[in-house]
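**Student:** What follows is a protein structure lacking sequence information:
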């Protein structure tokens, strides 16, 4: 089963930025699809449950953008993994 995570992405200034983020996030093992919207400043990522939102956020932040978790759907273990790790 796949998980779809939505991440708010700040700091993108052009379509080249959003395309670069899409390409880099797609390289993460377990990522099935990536959609990045410059207009809404959101990245929607469909991925295997083994891929964490922290991995996705770290990849985006490594590219110089701000990234914040917004939502996730489809995680088969959401009840046990809903507690964020700080």
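**Tutor:** Everything's here; your move. Please read these numbers as outputs of a predicted model, since none were measured by experiment.
**Student:** Residue 61 is in contact with residue 24, correct?
**Tutor:** No: between residue 24 and residue 61 there is no contact under CB atoms under 8 Å: 11.2 Å. In short, each C-beta sits where N, CA and C put it, glycine included.
**Student:** hey, what's in contact with both of these two?
**Tutor:** By CB atoms under 8 Å, 6 or more residues apart in numbering, residue 24 and residue 61 have no common neighbours.
**Student:** which helix in the protein runs the most residues?
**Tutor:** helix 15-26 (DSSP state H).
**Student:** now the residue nearest to residue 41 when sequence neighbours are not counted, what's its secondary structure?
**Tutor:** Closest residue to residue 41 apart from its sequence neighbours, by CB to CB, 6 or more residues apart in numbering: residue 9 at 5.4 Å. Put simply, residue 9 is strand when judged by DSSP: H, G, I helix; E, B strand; the rest coil.
**Student:** tally of neighbours for residue 9?
**Tutor:** Using other CB atoms under 10 Å, residue 9 has 25 other residues around it.
**Student:** Could you point out the bridge partners of it in the sheet?
**Tutor:** Beta-bridge pairing of residue 9 under DSSP bridges involves residue 67.
**Student:** For it, which residues are in contact?
**Tutor:** 18, 21, 36, 41-43, 60, 65-67.
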